[in-house]
Structures are given as structure tokens and as C-alpha cells.
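Visitor: whatever this is, show me its structure:
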Amino acid sequence: MTTAASKVAFVTGSASGIGESIARRLSLEGLSVAVADRDEERGKAVSESLPGSVFVPVDVTSMASVTKAVDSVTDELGPIGILVNCAGGDVVKPFVETDESLWYDLVELNFMGVLRCTRAVLPGMIERSAGRIVSIASDAGRVGSSGEAVYAGCKGGVIAFMKTVAREVARHGVTANTVCPGPTATPPVTKMLSEGSERYIEALKRSIPMRRLGEPEDIAAAVEYLVSDGAGYVTGQTLSVNGGLSMS
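Guide: Below you'll find the model as predicted:
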């Protein structure tokens, strides 16, 4: 893979799950990857297995933490040409059983975190007239998902935000796109299996035309394309990777 952007990728939430798969995929393609995560132990282990990569601690709910991480990576690896916003999380329960404290936590992590990281790297991309930004949202943000009202709202916001950024920076050679995973075999799903939720998972698989959950590598492949030179004319798009669960 070649890319018009710098060979440095900053991937949030990359100590495990989808983010880790993205980091590994980009590293295999010759990029230097900043494994950016709150989990220092796991993040260091991932970065040490990727040639030319580093771990950087980051809390996307803090602008100071994001700025410090971006500055550190720039000093050590060079200008960030690729940003992948993957950090996120959810608490699944009916909306009427949630409270304002949880809403703030989810918005800070899933929406404001994307804004903070994008704001930190975008000026440099504009200055260099090159850059790729990919945010990992969710099909919940496109079609809704029971028990995930606030999370879905955040992801819908991410989709709209990325479309707007794409319009604002297209003339500067920067692209901004969103990838929306469907049900994917991430650590939370693995935990559900260990807690005896096999029947729920099997029912979920039957609802997917391809009859399987997505794998983190499926999402990573979509990101790899969107940051490549081959996607240089693709911006403001929302790509669902969901085995056909939803189509539009």
C-alpha cells in the first residue's frame, strides 16, 4: 500500500479488538503506527510486536492528554498523516434505565473523543496538503440499536461530523470517512459467550445474511482501503461492514 499522506498512523483504542487489528494491518503495509490507548500494559505489548511503532498513552476524554500524545508521536515518528478514531465503548441498557452521568461518559468517549483527536491532527494535515482520517462508528448510528440509545446517538453524530469535515478539507487533499461495523467478535462479545449468552449470539448470527459475526480483521481491511492512495477520491463516505445485516 502506498499513501499520499505521511507514513505515520495514529490509531486510538488500538490495544485490543478492532483497533488492534487496524494497527496490525497498517503496520504490515509498512506504516509506523502509534498505538494510542489507556491500557499501557496491553498497548506496549502490541506496539512492541509492530516494527517501527510506538505506544503512546492517551485518554480521548481529555484534550490535554490528546495534545500531549499527538506531540509525542510527532516528535518520535514524524508528522501524523493518518488518524483512525477507534476508541469507544458502551453500556447496554434501556434508555429509561440510564442517567445523565452515564450520558456524559458515553458522549465524552464516543463523540467528543473523535472531535478532540481530529482537532489535534487536522491543522498539520491541512498544512501539508495531505491526510487521511477514518472514524470507526457503528451501524447503531445508522439504524439504531435497542439498549444503545446514547451510544447510537454518538455514532450518528460521528457520521455527520466526518461528512462535514470531509467537505471542509477536501480542497486541502485530506479525506475523511467513516466505517460502521455491524456485530463483530470483539472482547465484549467474547465476554458474553463466557457468561453463557451463546443462544443470543447464535440468534444474532442467524439475523445476518452471511450467517456469521464480523471479525476485527474485516473492519481493518476497510480502513486499509480508505487510507490508501486507491481511495484518494473517496471522502465523506460511510461504509458499513456488517455481512449484509443492514443495506442502504
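
Visitor: how far away is the residue nearest the centre of the chain from A137?
Guide: Closest residue to the average C-alpha location of the chain: C86 at 2.2 Å, with Cα atoms, centre = their mean. Using Cβ to Cβ, to the nearest Å, C86 is found at 10 Å from A137. Any C-beta I mention is one placed from the backbone N, CA and C, and that applies to glycine too.

Visitor: one more: A221?
Guide: Computed as Cβ to Cβ, the A221 to A137 distance reads 17 Å.

Visitor: which strands and helices sit next to the longest helix anywhere in the chain?
Guide: Taking DSSP state H as the criterion, the chain has its longest helix at helix 149-169. Applying 3 or more Cβ pairs under 8 Å, 6 or more residues apart in numbering; DSSP states H and E, one finds that helix 149-169 contacts helix 100-107, helix 113-128, strand 131-136, helix 140-143, strand 174-181, strand 238-241.

Visitor: among the ones you listed, which gets the worst mean confidence?
Guide: Per-stretch mean pLDDT for the helices and strands packed on helix 149-169 is lowest at helix 140-143 (a mean of 93).

Visitor: list the helices and strands it packs on?
Guide: For helix 140-143, the packing partners by 3+ Cβ pairs under 8 Å, 6+ apart come out as helix 149-169.

Visitor: mind checking how far the helix it packs on is from the chain centre?
Guide: With Cα atoms, centre = their mean, to the nearest Å as the basis, helix 149-169 stands 12 Å off its chain's centre.

Visitor: any idea of the mean pLDDT for that helix?
Guide: When pLDDT is averaged over helix 149-169, the result is 98.

Visitor: next one: stretch 62-78
Guide: 98.

Visitor: quick check, pLDDT for A4.
Guide: pLDDT at A4 comes out at 51.

Visitor: again with K191
Guide: 64.

Visitor: on that earlier part again, more neighbours: which of A221 and A137?
Guide: Neighbour count, other Cβ atoms under 10 Å: between A221 and A137, A137 has more, with 29 against 15.

Visitor: leaving out chain neighbours, which residue sits closest to G131?
Guide: Distance criterion Cβ to Cβ, 6 or more residues apart in numbering; nearest residue to G131, sequence neighbours excluded, is M125 at 2.9 Å.

Visitor: oh, that last question was meant for L31, not what I typed.
Guide: Nearest-residue entry for L31: A9, 4.8 Å, with adjacent residues in sequence omitted and distances by Cβ to Cβ, 6+ apart.

Visitor: next one: G236
Guide: G236 sits nearest to A166 (Cβ to Cβ, 6+ apart), 3.4 Å away.
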